[in-house]
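Visitor: Can you look at this prediction? I've put the sequence above it.
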Amino acid sequence: MDAQRTLRRQISCAGIGLHSGNKVHLSLKPAPADFGIRFRRTDIGDHEVPATVQHLAGIQLATGLARNEVSVETVEHLLAALVSTNIDNVLIELNSPEVPIMDGSAAPFIYLIQEAGVKALSVPRKYLKIVRPIAISRGDKRIALYPSDHFKVTYSISYDHPLLRHQSRTLRITEETFIEEVAPARTFTFLKDVEMLRQNGLALGGSLENAIVLGETGVLNNALRFEDEFVRHKILDAIGDLALVGYPVIGHLVAHRAGHALHTEFAAKIMEETHAWRLVAAPPEDATVPVAMPAKIHTPRLAS
Ligand SMILES: [Zn+2]
């Protein structure tokens, strides 16, 4: 059985909100099977907001959720870390509306999860397996999911900037590849946009400590973590936004010039397109293992 998982014990950290600049305390707590991933605002009456497409709200530069006018913002990096380490059930407590930005990547959340440890529960996990393509395009922005035996992401970006013209990468996402190739990639912004963001009361907690900043001719930070750190971060964002479907996905996600608005619109569309996927219990690895079947027995083919 491929069992659902939660954390072995509670773990906490403190940081600041990227947009609010406020200090925030974050705790990750073990949760029972079929609980899912839920946020709880301890500063306003322990209100809970499940991390699902039904509670999407306020998508701008980051992904926000809300329920009964209680909101949580900038959820995507933490969600990407949780789903990529196969944590199905966890209660995330915050004493402020915004998940701390940490260093702008998912690596600090991976560290927290590894410190807490993982515990298998006695209920099987279900996967959302794509059986027919699903796609959205908005101008030259595109996102799609295709049937595949594994969860893979292909992302491409194009900007009119001397350091960042075109980057593209395909990765099969496993716990190992996520931790090694995706989690450390930091969020990025353009210096010319920073002033505008600040005037609109955004990015007040932003600094070179938690974002790559691209100036006219180069990166203001000392060094990049990967030559193509930008597209890797877009893969991270897409995984976090796709987590809102509530199940690990088996399929090939292909995105071009997308962002949180398109990622989350797409997550909602997946839930509507029920003919394009099935919930399956088998772990992805089973798909590559040939199943020995007696030659003469015909399995009835079920209409999908
Ligand atoms: Zn991001």
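Guide: Okay, I see it. Just so it is clear, the structure is predicted and the values come from calculations on it, not from any experiment.
Visitor: Which residue lies closest in space to P147, excluding its sequence neighbours?
Guide: Nearest non-adjacent residue to P147, counting by CB to CB, 6 or more residues apart in numbering: I130, 5.1 Å away. Heads up, the C-betas are built off the backbone N, CA and C, glycines and all.
Visitor: how much space between that neighbour and Y247?
Guide: I130 is 11 Å from Y247, where distance means CB to CB, to the nearest Å.
Visitor: More neighbours: which of these two?
Guide: I130 (23 against 19; other CB atoms under 10 Å).
Visitor: Identify the residues contacting that one.
Guide: Residues near I130 by CB atoms under 8 Å, 6 or more residues apart in numbering: 145-148, 249-252, 276-277.
Visitor: Write down the beta-bridge partners of the residue nearest to P147, one by one.
Guide: W277 (DSSP bridges).
Visitor: Then F190?
Guide: L214.
Visitor: in what helix or strand does the residue nearest in space to the middle of the chain lie?
Guide: The chain has G240 as the residue nearest its centroid, 0.8 Å off, counting by CA atoms, centre = their mean. Secondary structure assignment for G240, by DSSP states H and E: helix 229-242.
Visitor: Tell me which residues are up against the helix or strand following that helix.
Guide: Next along the chain after helix 229-242, taking DSSP H and E as the criterion, comes strand 249-250. By CB under 8 Å, 6+ apart, the list of residues contacting strand 249-250 from outside reads 127-130, 145, 148-151, 242, 280, 284, 287.
Visitor: at 6 Å what do you get?
Guide: 127-129, 151, 284 (CB atoms under 6 Å, 6 or more residues apart in numbering).
Visitor: now do stretch 18-33
Guide: So stretch 18-33 is in contact with 4, 6-7, 10-14, 16-17, 74, 89-96, 98, 100-101, 121, 123, 202-206, going by CB under 6 Å, 6+ apart.
Visitor: cool, and stretch 135-148?
Guide: 130-131, 133-134, 251-258, 262, 266.
Visitor: buried set for that stretch?
Guide: If you call a residue buried by 16 or more other CB atoms under 10 Å, then stretch 135-148 has these buried ones: 136, 142-145, 148.
Visitor: Just the CA trace of that stretch, in CSV.
Guide: C-alpha atoms of stretch 135-148 as CSV (Å, rounded to 0.1, in the frame of the first residue of the first chain):
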residue,chain,number,x,y,z
ALA,A,135,-5.2,23.0,-21.5
ILE,A,136,-5.7,26.7,-21.2
SER,A,137,-4.1,29.5,-23.2
ARG,A,138,-4.3,33.3,-22.7
GLY,A,139,-2.5,35.1,-25.5
ASP,A,140,1.0,33.6,-25.6
LYS,A,141,0.7,32.2,-22.1
ARG,A,142,-0.1,28.5,-22.0
ILE,A,143,-0.5,25.7,-19.5
ALA,A,144,-1.5,22.1,-20.1
LEU,A,145,-1.5,18.6,-18.5
TYR,A,146,-1.0,15.5,-20.6
PRO,A,147,-1.2,11.8,-19.7
SER,A,148,2.1,10.4,-18.5
